[in-house]
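>>> Pasting the sequence and the predicted model now:
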Amino acid sequence: MKAKKIYLNYDEEGDFLEVSFGKIKDGYFREVKNKYFERIDNKSGKVVGYTIFNFNKRKEKFVDIELPIPEGIFA
């Protein structure tokens with residue numbers, strides 16, 4: 001079975017953290033909670049990542065948020 005990669009990218013200037021399941025694909029964002037967004041793949045309609053805006057400015061340094069993991073991502 002081929003291993004799946006999870007990519008983490010923090011943009012200091014824009015102050016956002018991006019988590020992608022595989023390489024970033026064309027898609028759009030849908031807000032889950034205040035400044036928490038999921039990236040949706042244009043072709044499949046599946047969740048392919050998450051973005052957290054104002055990541056470093058948040059009072060809590062450890063972000064504890066429940067986000068649904070796409071089915072089969074860790075299979």
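Arrived safely, thanks for sending. Residues are numbered from 1 along each chain as shown.

>>> Below-threshold pLDDT in the chain: ranges please.
Applying pLDDT under 70 to the chain picks out residues 1-4, 59-75.

>>> Can you pull up the most central residue in it?
residue 50 (1.5 Å; Cα atoms, centre = their mean).

>>> Mind giving me the packing neighbours of the helix or strand containing that residue?
Per DSSP states H and E, residue 50 falls inside strand 47-53. On a contact count with 3 or more Cβ pairs under 8 Å, 6 or more residues apart in numbering; DSSP states H and E, strand 47-53 meets strand 16-21, strand 27-33, strand 36-41. Heads up, the C-betas are built off the backbone N, CA and C, glycines and all.

>>> is it possible to export the ones you listed to a markdown table including mean neighbour count and distance to residue 8?
Listed next are the helices and strands packed on strand 47-53 as a markdown table, based on neighbours: other Cβ atoms under 10 Å; distance: least, Cβ to Cβ, whole Å:
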| stretch | mean neighbour count | distance to residue 8 |
| --- | --- | --- |
| strand 16-21 | 18 | 6 |
| strand 27-33 | 13 | 17 |
| strand 36-41 | 18 | 13 |
